[in-house]
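Enquirer: model the structure of this input:
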Amino acid sequence: MQSIGIKRIGIIGVGEIGRAVVTGLCDGGDQSPEVFLSPRGARTAAELAARYEEVEVCADNQEVVDRSEVVIIAVRARDRHDALDGLRVDGDKTVINVMAGVANDDLRRTLASDAALVRAIPLPSVRERRSVTVTFPSHPVADALFERLGGAQPVADEEAFNVCSALTGTLTTHYSYLATLTTWAVGHGIAPEDAERYVRGLFQGVGRALSDESRSLNQLAADHETPNGNNERIRTTWFGPANSQALHQALDGLLTDLR
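Expert: Purely as a prediction, here's the structure:
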């Protein structure tokens, strides 16, 4: 990131994603940029400023913009007009829009600015610099920023971006699935802490296997499955064609709303 001269980053809306971005930037080991935070999410902003000497909480959102080269807008979509109306954003800024469901055309109307606008989907794991972030359109400044946080994956158009955004809507379902497995085990006499430890261990191993990009997801599934074995039984009796189709339909509905 330093190679293209990004030295000052502002974040408007310091929630979970804002916190993760700051942590990833400032715990990265390399020289960190200055980071200017809006007073929105005051407790989190104050905590980050106390932890990192590079981080400062500004008096208002306009100060964040004025002091930054790159501005990340991370407020909730329904709060964007209150947070952004009246902001002056010069054309030499790069604005990164991480608001779910808010297209760049919508944001440009709100900001009334010629600044470069880039949509992005950073996940909380950017705090550990392990998460690939989808961006649209590809932009050297935004892509360099997210390469530092685990990798940038530019997509060709806003439709592809919306498809990736819909996929992120499955994250908490995954956690709930694991919680359901734990609850089932507890119901059969396993101590809660033992059940949770075992389930976490099972799926941490699965997560590590995902880093092997030489095998497709279907191949990984096949490699973990014995014909007529336990894994095949659960997959074919529970996650059969009907459940697979129901998941497709749920994602299609979310995609329609994101458009």
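Enquirer: tell me how far the one helix or strand Val206 maps to lies from the chain's centre.
Expert: Using DSSP states H and E, Val206 sits in helix 192-209. Using Cα atoms, centre = their mean, to the nearest Å, the mean C-alpha position of helix 192-209 is found 23 Å from that of the whole chain.
Enquirer: mind checking the SS state of Gln153?
Expert: For Gln153, the secondary-structure state derived from DSSP: H, G, I helix; E, B strand; the rest coil is strand.
Enquirer: what is it paired to in the beta sheet?
Expert: For Gln153, the residues forming beta bridges with it (DSSP bridges) are Val134.
Enquirer: would you confirm that it contacts Ser138?
Expert: No - in this structure Gln153 lies outside contact range of Ser138 using Cβ atoms under 8 Å: 9.6 Å. For glycine as for every other residue, the C-beta is placed from the backbone atoms N, C-alpha and C.
Enquirer: and for this protein, the residue most distant from the center?
Expert: In terms of distance from the mean C-alpha position of the chain, Asn228 ranks first, at 37.8 Å (Cα atoms, centre = their mean).
Enquirer: got the phi/psi numbers for that residue?
Expert: Backbone torsions for Asn228, taken as degrees, to the nearest 10, come to phi 70, psi 20.
Enquirer: mind listing the helices for this protein?
Expert: Remark: helices assigned in the chain by DSSP state H are 16-26, 42-51, 61-67, 80-84, 104-111, 140-148, 158-168, 171-187, 192-209, 217-223, 230-237, 241-258.
Enquirer: can you put those in JSON lines and add mean pLDDT?
Expert: Compiled in JSON lines, the helices of the chain are given as follows (pLDDT from 0 to 100):
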{"stretch": "helix 16-26", "mean pLDDT": "92"}
{"stretch": "helix 42-51", "mean pLDDT": "90"}
{"stretch": "helix 61-67", "mean pLDDT": "96"}
{"stretch": "helix 80-84", "mean pLDDT": "90"}
{"stretch": "helix 104-111", "mean pLDDT": "93"}
{"stretch": "helix 140-148", "mean pLDDT": "93"}
{"stretch": "helix 158-168", "mean pLDDT": "93"}
{"stretch": "helix 171-187", "mean pLDDT": "95"}
{"stretch": "helix 192-209", "mean pLDDT": "90"}
{"stretch": "helix 217-223", "mean pLDDT": "86"}
{"stretch": "helix 230-237", "mean pLDDT": "91"}
{"stretch": "helix 241-258", "mean pLDDT": "93"}
